[in-house]
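Peer 1: what follows is a predicted protein model with its sequence.
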Amino acid sequence: MSTLYSDTSSEMETLQIELWRQASPTRKMHMLAQLNAATRTLALAGLRARYPQASEAELRRRLADLLLGKDLACKVYGDISHAK
C-alpha cells in the first residue's frame, strides 16, 4: 500500500489509520472539533496578517466569508462595511 503522506512511513500511517478506526465516535468528534478550532485559528491569523488594521468584528466577518462564502455571509451578517 502506498502512503497518503510523503513525510510518513507506511508503518506509522497504517498504525494511525488503525487508531482512527478504533476510536469511539465521541473521540472522533472531539478530534474533529480540535481540527476545526485549529483551522479557525489559522484562518484568523492569516486574516490578521492580510488586514492588520482590521477590527475584531471585521476579522470575524471576513472569516465568515471564508467559511460560508461571500454571498451567504452577506445574507447572514450583512455587508462587510457594517463590520468595520
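Peer 2: Right, received. Where do you want to start?

Peer 1: contacting residues for residue 74?
Peer 2: residue 80 (C-beta atoms under 8 Å, 6 or more residues apart in numbering). C-beta coordinates here come from the backbone N, C-alpha and C atoms, glycine included.

Peer 1: residue numbering should commence at 57 henceforth.
Peer 2: Got it, first residue is 57 now, which makes that one residue 130.

Peer 1: what comes up buried for the helix or strand containing it?
Peer 2: According to DSSP states H and E, residue 130 maps onto helix 126-133. Of the residues in helix 126-133, 129-130, 133 count as buried by neighbour count, 16 or more other C-beta atoms under 10 Å.

Peer 1: for residue 112, give its distance to residue 93.
Peer 2: Using C-beta to C-beta, to the nearest Å, residue 112 is found at 17 Å from residue 93.

Peer 1: which ones are touching residue 87?
Peer 2: residue 79.

Peer 1: show the pLDDT at it.
Peer 2: Per-residue pLDDT puts residue 87 at 95.

Peer 1: and for the one 3 residues further on?
Peer 2: What the model reports for residue 90 is a pLDDT of 97.

Peer 1: only the buried residues of the strand or helix carrying it, if you could.
Peer 2: Element membership for residue 90, per DSSP H and E: helix 81-106. Under the neighbour-count criterion of 16+ other C-beta under 10 Å, helix 81-106 has 100, 103 buried.

Peer 1: centre of the chain versus it, how much separation?
Peer 2: 4 Å (C-alpha atoms, centre = their mean, to the nearest Å).

Peer 1: for stretch 114-121, same thing?
Peer 2: Distance, stretch centre to chain centre, for stretch 114-121: 13 Å (C-alpha atoms, centre = their mean).

Peer 1: and residue 117, what element?
Peer 2: helix 112-124.

Peer 1: show me what that helix is packed against.
Peer 2: Applying 3 or more C-beta pairs under 8 Å, 6 or more residues apart in numbering; DSSP states H and E, we find helix 112-124 packed against helix 81-106, helix 126-133.

Peer 1: okay, now the unreliable bits of this structure?
Peer 2: Applying pLDDT under 70 to the chain flags the ranges 57-58.
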